[in-house]
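1. coordinates only, sequence not included:
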């Protein structure tokens with residue numbers, strides 16, 4: 001691999017991390033607003049389900065506006081960006097849930113149980129593919 005390609009990959013990874021920070025801040029704000037505005041109306045579980053869809057829309061918007069800056073163009077680069085976002089998000093969810101909020105494992109894993117109505121796996125799948133989706137959407141304009 002040439003030195004230029006290595007620098008490009010490093011820049012793409014660093015920018016992916018920066019955008020992930022933006023995503024996680026947006027998702028924290030989204031979660032706070034959901035807790036304040038939506039939970040009283042529909043309950044926590046239904047609010048979490050709705051939040052997967054609204055959160056996915058937020059992620060797609062961020063991906064749409066940042067994907068060119070990130071610099072990922074090839075399919076494998078876009079999937080790498082999605083994988084970085086996915087791994088960091090799951091790690092954040094678990095660590096934040098356990099260490100900051102003090103949730104037990106049952107509560108954390110409930111959102112991941114599709115059989116019980118948890119939609120988090122769908123949101124994570126969308127997160128993973130959002131760089132590719134954003135690139136396709138940007139290419140059509």
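-> Now that the structure is in, tell me what you want to look at. Note that the coordinates shown come from a computational prediction; the quantities given were computed from them, not determined experimentally.
2. Please enumerate the helices of this protein.
-> 3-33, 39-42, 44-70, 75-95, 105-110, 120-139 (DSSP state H).
3. Just list what the second one packs against, helices and strands only.
-> Right, the one you point to is helix 39-42. helix 44-70 (3 or more CB pairs under 8 Å, 6 or more residues apart in numbering; DSSP states H and E). The C-beta positions use only the backbone N, C-alpha and C, and glycine is treated the same way.
4. ok, back up a step: want to try JSON lines for the helices of the chain, with mean neighbour count and mean pLDDT as columns?
-> JSON lines is the format used below for the helices of the chain (neighbours: other CB atoms under 10 Å; pLDDT from 0 to 100):
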{"stretch": "helix 3-33", "mean neighbour count": "14", "mean pLDDT": "90"}
{"stretch": "helix 39-42", "mean neighbour count": "12", "mean pLDDT": "95"}
{"stretch": "helix 44-70", "mean neighbour count": "17", "mean pLDDT": "94"}
{"stretch": "helix 75-95", "mean neighbour count": "17", "mean pLDDT": "95"}
{"stretch": "helix 105-110", "mean neighbour count": "13", "mean pLDDT": "81"}
{"stretch": "helix 120-139", "mean neighbour count": "18", "mean pLDDT": "95"}
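5. can you tell me the distance between the two ends of stretch 103-123?
-> 20 Å (CA to CA, to the nearest Å).
6. For the residue lying closest to residue 94 once chain neighbours are set aside, which residues are in contact?
-> Take residue 94 and drop its neighbours on the chain: the residue closest to it by CB to CB, 6 or more residues apart in numbering is residue 108, 6.2 Å away. Contacts for residue 108 (CB atoms under 8 Å, 6 or more residues apart in numbering) come out as 93, 94, 97, 98.
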